[in-house]
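A.B. asks: based on what follows, work out the 3D shape:
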Amino acid sequence: MTTQIIAAVPARPFGLVRHSLVMARRSLIKTMRTPEQLLDVTLQPIIFIVLFVYLLGGAIAGSRHDYLQFLLPALLVQNVLFASAPTGVSLNTDIKTGVFDRFRSLPIGRSAPLIGGVLGDMIRFVVSIVVMIGFGYIVGFRLQTDVLSVLAACLLVMFMAFCFSWMFVLLGMVVREPGAVQGLGFVIMFPLTFGTNVLVPTNTLPGWLQAWVKVNPVADAMQAARALMVGTGPVAGPVIKTLVWSVAILAVFAPLAVRAYRRKA
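C.D. replies: Purely as a prediction, here's the structure:
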């Protein structure tokens, strides 16, 4: 009679955090090895600034410089949120290629690949912010507040984009093809980002669109960014609304995304 002795392996503290950080490092390495993945967050901010400021600035504000001051903080929010969409595409691609099957065979937290993928893609947010503010300064944009307020605006936008990323993670878990994830992502993001006060003040919009803007969380984030970066309008209200909306989106979509991933196991 053979007696098998199985040694109990104690669970290490903060295991999910460590596993998620390892997965985030993998995502960063993948991005660094294929820098063309950052083309959208490096070229899109420049294209949007040039198109909107020089195409609409004179007609809307009468002064391209004044319009740039109004536009850039809102464009910053828009571009960082657009940068959150490819997270779902990347995760869906990993599922299609069988990479996640290997992750499931490892002794790691089941949600670690998702958390790590979202954390790793936050480098896209940083690049988008740096390019947007840097190019904005070249063409005449100037920050009107202090450094802490600007940093708060950037962190607020990044946190909102992190929360929005979980919507696209969920899409990546339930949609079959990466192309479909990208297409649905644009369908979601366009009314959320363009159906706002990004290009014109809210009071110039028709009544039905004003009603949408008033309940659109992205519009609150844009107003918060303007208040923190150029001192336009109140700060506390838009910031609080943005934080509340972001936490609510995270609380709804993150558990749904993790559940959808586990059902694939």
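A.B. asks: residues near Phe159, how many?
C.D. replies: A count of neighbours around Phe159, defined by other CB atoms under 10 Å, yields 18. In short, each C-beta sits where N, CA and C put it, glycine included.
A.B. asks: that one contacts Trp245, doesn't it?
C.D. replies: No. Counting by CB atoms under 8 Å, no contact exists between Phe159 and Trp245, whose distance comes to 10.8 Å.
A.B. asks: what mean pLDDT would you report for stretch 239-253?
C.D. replies: For stretch 239-253, mean pLDDT is 95.
A.B. asks: can you pull out the helices in this structure?
C.D. replies: Assigned by DSSP state H, the helices in the chain fall at 15-33, 39-60, 64-82, 86-96, 99-104, 112-120, 122-139, 147-174, 178-194, 207-215, 217-230, 236-264.
A.B. asks: show me what contacts Thr87?
C.D. replies: Contacts for Thr87 were tallied using CB atoms under 8 Å, 6 or more residues apart in numbering; they are Gly117, Val118, Asp121, Ser165, Phe168, Val169, Gly172.
A.B. asks: nearest spatial neighbour of the last one, skipping sequence neighbours?
C.D. replies: What that stands for is Gly172. Using CB to CB, 6 or more residues apart in numbering and skipping residues adjacent in sequence, the residue nearest Gly172 is Gly88, 3.5 Å away.
A.B. asks: ok, now the second one?
C.D. replies: Taking CB to CB, 6+ apart, and ignoring the residues beside it in sequence, Val118 has Ser165 as its nearest neighbour in space, at 4.8 Å.
A.B. asks: now swap in the fifth one and tell me
C.D. replies: Take Phe168 and drop its neighbours on the chain: the residue closest to it by CB to CB, 6+ apart is Gly88, 3.2 Å away.
A.B. asks: hmm, the one you found is touching Leu171, no?
C.D. replies: Yes. Under the criterion of CB under 8 Å, Gly88 is in contact with Leu171, at a separation of 4.7 Å.
A.B. asks: who touches both of the two?
C.D. replies: Between them, Gly88 and Leu171 share the neighbouring residues Val181, Gly185, with contact defined by CB under 8 Å, 6+ apart.
A.B. asks: greatest separation within the contacts of Thr87: which pair is it?
C.D. replies: Asp121 and Gly172 (11.5 Å; CB to CB).
A.B. asks: mind listing the shared neighbours of those two?
C.D. replies: Taking CB under 8 Å, 6+ apart as the contact criterion, the residues that touch both Asp121 and Gly172 are Thr87, Ser90.
A.B. asks: quick one on the thing from earlier: so which of the helices of the chain is nearest Pro201?
C.D. replies: The closest approach between Pro201 and any of the helices of the chain, judged by CB to CB, belongs to helix 64-82 at 8.1 Å.
A.B. asks: fine by me, we can end here.
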